[in-house]
Every structure is written in structure tokens, then in C-alpha cells.
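Chemist: here is my input, please return the structure:
(2 chains)
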Amino acid sequence: RKEVEQDPGPFNVPEGATVAFNCTYSNSASQSFFWYRQDCRKEPKLLMSVYSSGNEDGRFTAQLNRASQYISLLIRDSKLSDSATYLCGHASNAGNMLTFGGGTRLMVKP
Amino acid sequence: DGGITQSPKYLFRKEGQNVTLSCEQNLNHDAMYWYRQDPGQGLRLIYYSQIVNDFQKGDIAEGYSVSREKKESFPLTVTSAQKNPTAFYLCASSTTGVNEQFFGPGTRLTVL
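Modeler: Got it, this is the predicted structure:
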């Protein structure tokens, strides 16, 4: 089993919809989690950090379920500009190292 | 402006040649990283450095080499020993003890 797994998608949703995707992890020692947004042929950009049970920033909510070892990203009122690939990363006790999932592709349609 | 720069943006190499990718940051970050990304894939760690003059191998270090002579700079050399070097290479940096990593714009390497 991969250390971090994500459904590659694509998730095709209409504008205004609410969409959620999960990221499962196998290392129970994982301390912190990160969601990055990556546009086509660009670098990943940090969207949200999660150190406890969750985090919220505007239309974006991340929730951590340590018992089931997954973290979710919920996007409300989807915009066309939300179309991107969303990468999940986590850090264990081993310092600054992050391990990333393969990403989930989101396509928001008019 | 503070940030991470990578050069060149695009690089073409003939088989058997070594090439060096540049990564510079002015964020005063102690830690720097190199990742490789293949089409439709996530990020795989090549090398990382948490302090000047020290670096460690990541998951896919074979065929790559790095140096960390200055805090601001972490160049990556792709050697001829790397069997499939065509990929998107991303450099990142972070503050020691804080896990958020910030990425440069990347270098797209193509082997002809």
C-alpha cells in the first residue's frame, strides 16, 4: 500500500457545486497534513495546512480523521477557477520531510 | 520579492550528457528539497538538505547529485546514469521545524 493515496479523478462538477475528495495515509505517526493546489504545468502552491482536527479558509475546509487515517478537502460553491489538481502531503516525525499523494484532478464546468 | 527561483525553465539534453538545474531562494530557509514529477504523477523526493554542507538521499536519488555550499543555493545535477531523466523537476524550501514547503516554478527537462 502506498504511504499516501488519492483518487486521481477527474472529478467533474458544475459551477456552484460542493465537492469533496479524500486522501488516505498509512503512517499513523503522521503529525501534520497539507493540501496543495497545482495548475497544469505549474508548481504546487500551498492551499491549507492541518495540524489538529481540521482547518477552514473561506470555501475550503479540510478535516482530519485520525481513527480512519484520512484527510478530506471540501470545496463549497465551486468556481471555474478551482479547476486544478489537488495534492495531499503529510509529515511524519521524521523532520521536514513530506510524502505526497498522486493528486486528484478537479474540473469545474459552467 | 522573496521567493524561490529555478533555471532554466526548459532544458533539452542529449543522452549521455550531465546537466545541472539551478535552485535559489531568498527566504532565509534552512531546508531545501528536490522533487521529480512525471506526467499524471505525484512528487517523488530526490534529495534534501536541512543545513549547509549536508544533504541526504530521498526515495529516488540514483543518477542524481547535489551540493549545498550556500544556504541560498541547492543545485541538482542529472547525470548520465539516470536512465529516464525526462520529467518536471521542482525545488522547494522550508523553515526548519515547520513542515510547509514552498516550491519554485520548476524546470522541465527533456532528453532527446
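
Chemist: which stretch of helix or strand covers the most centrally placed residue in chain B?
Modeler: Centrality entry for chain B: nearest residue to the mean C-alpha point is residue B:34, 3.1 Å, by C-alpha atoms, centre = their mean. Assigned by DSSP states H and E, residue B:34 falls within strand B:31-37.

Chemist: thinking residue B:105 is in contact with residue B:3, fair?
Modeler: No. Checked against C-beta atoms under 8 Å, the pair residue B:105 and residue B:3 is beyond contact range at 9.1 Å. To be clear about C-beta, it is placed using only N, CA and C from the backbone, and glycine gets the same treatment.

Chemist: these two: who's more crowded?
Modeler: A direct count of neighbours by other C-beta atoms under 10 Å in any protein chain shown for residue B:105 and residue B:3 places residue B:105 higher, at 16 against 13.

Chemist: now the more buried one: how far from residue A:12?
Modeler: 28 Å (C-beta to C-beta, to the nearest Å).

Chemist: residue A:42 now?
Modeler: Counting by C-beta to C-beta, the gap from residue A:42 to residue A:12 is 21 Å.

Chemist: quickly list what residue B:44 is bridged to.
Modeler: For residue B:44, the beta-bridge partners under DSSP bridges are residue B:36.

Chemist: and it, how many neighbours?
Modeler: The burial count for residue B:44: 16, using other C-beta under 10 Å.

Chemist: can you check residue A:85 too?
Modeler: By other C-beta under 10 Å, neighbour count at residue A:85 equals 22.

Chemist: any idea how far it is from residue A:8?
Modeler: Distance from residue A:85 to residue A:8, by C-beta to C-beta: 9 Å.

Chemist: and what of residue A:84?
Modeler: Applying C-beta to C-beta to residue A:84 and residue A:8 gives a distance of 13 Å.

Chemist: okay, and the common contacts of those two?
Modeler: Overlap of the contact sets of residue A:84 and residue A:8 (by C-beta atoms under 8 Å, 6 or more residues apart in numbering or on different chains) consists of residue A:105.

Chemist: those two: who's more crowded?
Modeler: In terms of neighbours (other C-beta under 10 Å), residue A:84 is the more surrounded of residue A:84 and residue A:8; the figures are 21 against 15.

Chemist: isn't the more buried one right up against residue A:35?
Modeler: No. Counting by C-beta under 8 Å, residue A:84 does not reach residue A:35; the two are 11.0 Å apart.

Chemist: just the terminal-to-terminal distance for stretch B:3-11.
Modeler: 21 Å (C-alpha to C-alpha, to the nearest Å).
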